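Peer 1: Next one to model:
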Amino acid sequence: MCSEYLQTLRGAEVWRAPRFANPRAGTTVEALTDREGKHAYTSLEKEVMVRRESFPPNDDDEDYELPPT
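Peer 2: This is a model prediction of the structure:
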């Protein structure tokens with residue numbers, strides 16, 4: 001059921017996926033590393049890192065805004 005839901009996400013809905021894709025208790029998931037070499041270990045840190053890497057700040061765009069969490 002959850003897998004079907006994740007497969008049907010479109011557009012901005014894909015940013016909800018990390019909330020449903022958390023690892024199960026007792027499993028380990030490798031840390032993510034961004035372009036600057038910083039590591040993200042928790043699900044929340046990884047979500048923030050993916051959003052930041054996918055939508056880097058644009059100084060020329062005064063209306064720049066990250067998608068909602």
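Peer 1: CA atoms for contacts and neighbours, from now on please.
Peer 2: Noted.
Peer 1: Which of the helices or strands spans residue 57?
Peer 2: Here residue 57 is covered by no helix or strand, with elements defined by DSSP states H and E.
Peer 1: Could you pull out the buried residues of the helix or strand hosting residue 47?
Peer 2: Using DSSP H and E, residue 47 sits within helix 43-54. Applying a neighbour-count criterion of 16 or more other Cα atoms under 10 Å, one finds 43, 46, 47, 49, 50 buried in helix 43-54.
Peer 1: Figure out the length between the terminal residues of stretch 34-45.
Peer 2: Start-to-end span of stretch 34-45 (Cα to Cα, to the nearest Å) is 11 Å.
Peer 1: following the worst-scoring helix or strand of the chain on mean pLDDT, which helix or strand comes up?
Peer 2: Lowest on mean pLDDT, DSSP states H and E among the helices and strands of the chain sits helix 17-20, with a mean of 68. Note on helix 17-20: by DSSP H and E, the next helix or strand toward the C-terminus is strand 32-33.
Peer 1: as a whole number, average confidence for that following strand?
Peer 2: The average pLDDT for strand 32-33 rounds to 90.
Peer 1: Which residues does that strand contact?
Peer 2: Under the contact criterion Cα atoms under 8 Å, 6 or more residues apart in numbering, strand 32-33 has outside partners 39, 40, 41, 46.
Peer 1: wait, the last one sits on residue 40?
Peer 2: Right, residue 46. Yes: with contact defined as Cα atoms under 8 Å, residue 46 counts as touching residue 40 (5.2 Å).
Peer 1: which residues are common contacts for these two?
Peer 2: Contact criterion Cα under 8 Å, 6+ apart; residues shared by residue 46 and residue 40: 31, 32.
Peer 1: Once you drop chain neighbours, what's closest to residue 53?
Peer 2: In space, and not counting its chain neighbours, residue 53 is closest to residue 34: 7.3 Å by Cα to Cα, 6 or more residues apart in numbering.
Peer 1: Can you tell me how far that neighbour is from residue 8?
Peer 2: 28 Å.
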